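Visitor: sharing a model that was predicted from the sequence below.
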Amino acid sequence: MTVKLKPLVLLLLAALLVAGCASRPPAKSPKKIGKANVSPPTRLSRNSSAQASAAARRRPESSYPSIRSSSGGSHYRAFRITGDYAGYPALQQFIEYMVSRHGFSREYLSGVFSQAKRKQWTLDYLGKQADAVGQPRPGAWSRYRSKFLTEKHISSGAAFWRRHASALERAGALYGVPPEYILGIMGVETIYGANVGNHRVIDALTTLSFDYPRRGDYFKTELEKFLLMARDERVDPFYPVGSYAGAMGLGQFMPSSFLQWAVDFDGDGHRDLWNPVDAIGSIANYFAAHGWRPGEPVVTAARGSAMARNLESGFDTRYSLAALTSYGIQPVAALGRDSTVRLLRLSADSGDEYWLGHQNFYVITRYNHSTHYAMAVHQLAQAIKRRYFESVALLQ
């Protein structure tokens, strides 16, 4: 095969924007609606909305509130847009599109967007991120890894597994995805629901749709899907909170991912992705739909050489074993049935690490297009698995 030479490093601000959530494909992202024993208000005031946002970051798993309401927010009505988004021609065009394409009420959408808030914090944050982008420094992988391979991530993941072993086992049987990789996603994304975000999704998506031209078209699509999701699930559109980019729930799905891959895994008739059981099934379904191969490896460690630095690396590369061998790269274990693999080079504090990524590694990158992200999910998954079975053995 033709061997690719290493190109200049590409710096992608877009990856910073949607990192950590399931997007199209990729997700971080099916996004979720939570349910619990708490009934939501039929309408949220500014104060109650702020309280819900703050609580989302710290509430225990057992108290996830429901964001479903009998009205689904149908009480919002206005004849014209007022507030932060008054006088936005692009928003008015979007409303006309939603009316003609999906049958929404013009007055309903005018009422919704009259209460949407412009998130200046988000715009300022993205501006700072753009200014901060530069050449990666040596040891980048070690620094990234240290954020997720922590005692909190590992012990909380093992505890979550013990609480939801039945749902995880059922997801593994149905979709072929091992429990540890479902938990690897949840751990990296939200620490198993401990940090689902504190931004009202409607505000986040409206801001990025109409005040962030660089990716406005993408976020208008997500805003469209969010409104469809809210209507389908009878959700007050001002209740869901998530990331500054609109990612939602334990697995941080974007609205388009929710519509395509979220599942009602607990059988109550609703896709509710702040609910741990629905989140488990939805992440497993996402992986299966993107080509997860049950029983196959994710990565194989490899030994590199000085010549190996001449090769392009990353989750989207493809090499035969013969091509890699000619550059002094040798797997430390048998590769199985894969005829081609991805060459992964990670800059660690101790020097470059070489790994060969299989199909399942590529599937993880459909959740977030990043080699570092997928490797963190993999290594966290393995650490959780070891901790879980250690705890099981102690109980026997």
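Guide: Perfect, I can see it now.
Visitor: C-alpha only now, for contacts and for neighbours.
Guide: Fine.
Visitor: thought Gly111 was touching Gly83, still the case?
Guide: No. With contacts defined as C-alpha atoms under 8 Å, Gly83 does not count as touching Gly111, sitting 10.1 Å away.
Visitor: so which strand or helix has Leu183?
Guide: Following DSSP states H and E, one finds Leu183 within helix 179-190.
Visitor: list the contacts of that helix.
Guide: Under the criterion C-alpha atoms under 8 Å, 6 or more residues apart in numbering, residues 20-21, 28, 148, 153, 157, 161, 168-169, 171-172, 192-193, 196, 250-252, 280, 283-284, 376-378, 380-382, 384-385 lie in contact with helix 179-190.
Visitor: repeat that for stretch 87-97.
Guide: Taking C-alpha under 8 Å, 6+ apart as the criterion, the residues outside stretch 87-97 that touch it are 81, 85, 106, 109-110, 210.
Visitor: nearest to Gln129 among the residues you listed?
Guide: Nearest to Gln129, judged by C-alpha to C-alpha, of the contacts of stretch 87-97 is Phe210 at 19.2 Å.
Visitor: ok, the closest one to Val99 distance?
Guide: 18 Å (C-alpha to C-alpha, to the nearest Å).
Visitor: comparing those two, which shows the higher neighbour count?
Guide: Neighbour count, other C-alpha atoms under 10 Å: between Phe210 and Val99, Phe210 has more, with 20 against 16.
Visitor: what's the pLDDT at the nearest residue to that one once chain neighbours are set aside?
Guide: Taking C-alpha to C-alpha, 6 or more residues apart in numbering, and ignoring the residues beside it in sequence, Phe210 has Gly216 as its nearest neighbour in space, at 6.2 Å. According to the prediction, Gly216 has pLDDT 95.
Visitor: immediately after the host helix or strand of Gly216, which helix or strand?
Guide: Here Gly216 sits within helix 216-232, counting by DSSP H and E. Next along the chain after helix 216-232, taking DSSP H and E as the criterion, comes strand 241-242.
Visitor: and that following strand, how far out from the chain middle?
Guide: Taking C-alpha atoms, centre = their mean, to the nearest Å, the mean C-alpha location of strand 241-242 is offset from the chain mean by 13 Å.
Visitor: for stretch 208-228, same thing?
Guide: Its chain's C-alpha centre lies 17 Å from the corresponding centre of stretch 208-228 when counted by C-alpha atoms, centre = their mean.
Visitor: return the set of buried residues in it.
Guide: Buried residues in stretch 208-228, defined by neighbour count with 16 or more other C-alpha atoms under 10 Å: 208-211, 216, 219-220, 222-228.
Visitor: wait, which of those residues is closest to Trp274?
Guide: For Trp274, the nearest member of the buried residues of stretch 208-228 is Phe226. The distance, counting by C-alpha to C-alpha, is 15.3 Å.
Visitor: check that closest one and give its pLDDT.
Guide: The per-residue pLDDT reported for Phe226 equals 98.
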